[in-house]
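J.: This is the structure alone, sequence omitted:
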Ligand code: FES
Ligand code: FES
């Protein structure tokens, strides 16, 4: 008996699924989707000829790491070097939660490949503290100004503010706003963070606290 049109369609679909499973295409696709976020699966294979064991300068220390060619710096910092102060929010360069400094310039570490930062100075939020663990003036000012609400965006805000004060120790409020514009705060605590940056700038310049009310003008 000649199969009807519906039966032919079912058979060709069955053949298609068989071929997909046999070729492993589904498994590969799933690995891509989930591996895209991990980017650092220990099962990953580097293409022949690409060196995976590399050294990075992170917070003033040489750190050796086994990094895949497609691995982002944010993934390496958090999941291989244990520097979990760097947060991953959007993982696509939109929120600033993953901000770190590369040679004193803030970057979204979710959008930078680990292999691309060899030879550069990487500073995370863990690296801005003093030699004995003292808080950076920006961190202390954020506490004093009650800047964080939930705190998720705070490490990125700290790093962006520290980078700003390195290149511009006496910024205006508008300059602070521009420098932190890439750091989204879901709690909307923007003004509190700006107050904190201005307080830190004043503290660093004066070597002591000044009237906080005067810092907001
Ligand atoms: S996690 Fe990198 S910008 Fe959002
Ligand atoms: S303090 Fe909650 S996201 Fe900024």
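T.: Thanks, I have the structure now. Note that the structure is a prediction, hence the values are computed from the model and not measured. Ligands and ions are numbered 1, 2, ... in the order given.

J.: which residues of the chain fall in helices?
T.: Under the criterion DSSP state H, the chain carries helices at the ranges 5-23, 25-38, 73-75, 137-144, 154-167, 173-179, 190-206.

J.: weakest of those in terms of mean pLDDT?
T.: Sorting the helices of the chain by mean pLDDT places helix 25-38 lowest, at a mean of 38.

J.: residues from the chain in reach of ligand 2?
T.: Within reach of ligand 2 by C-beta under 6 Å from any ligand atom, the chain has these residues: 148-153, 185-187, 189. Where you see a C-beta, it was placed from the backbone N, CA and C, and this is true even at glycine.

J.: Using the record, which stretches count as separate domains in the chain?
T.: Domain segmentation of the chain under automatic domain parsing yields 5-38, 128-216.

J.: neighbours around residue 184, how many?
T.: By other C-beta atoms under 10 Å, 18 other residues sit near residue 184.

J.: which residues touch it?
T.: Residue 184 sits next to 89, 94-97, 153 when contact means C-beta atoms under 8 Å, 6 or more residues apart in numbering.

J.: tell me the two of those that are most distant?
T.: 94 and 153 (12.3 Å; C-beta to C-beta).

J.: So which of the two has more stuff around it?
T.: Using other C-beta under 10 Å, the more surrounded residue of residue 94 and residue 153 is residue 153, with 27 against 13.

J.: Next, the contact list for the residue lying closest to the more buried one once chain neighbours are set aside, please.
T.: Closest residue to residue 153 apart from its sequence neighbours, by C-beta to C-beta, 6 or more residues apart in numbering: residue 185 at 4.7 Å. Residues counted as contacts of residue 185 (C-beta under 8 Å, 6+ apart) are 149, 153, 157, 193.

J.: out of the residues you listed, which is most surrounded?
T.: For the contacts of residue 185, the largest number of neighbours (other C-beta under 10 Å) sits with residue 157, at 29 neighbours.

J.: Leaving out the residues flanking it, which one is nearest to residue 149?
T.: In space, residue 149 is closest to residue 187, 3.4 Å off (C-beta to C-beta, 6+ apart).

J.: Having no further points to raise, I will conclude here.
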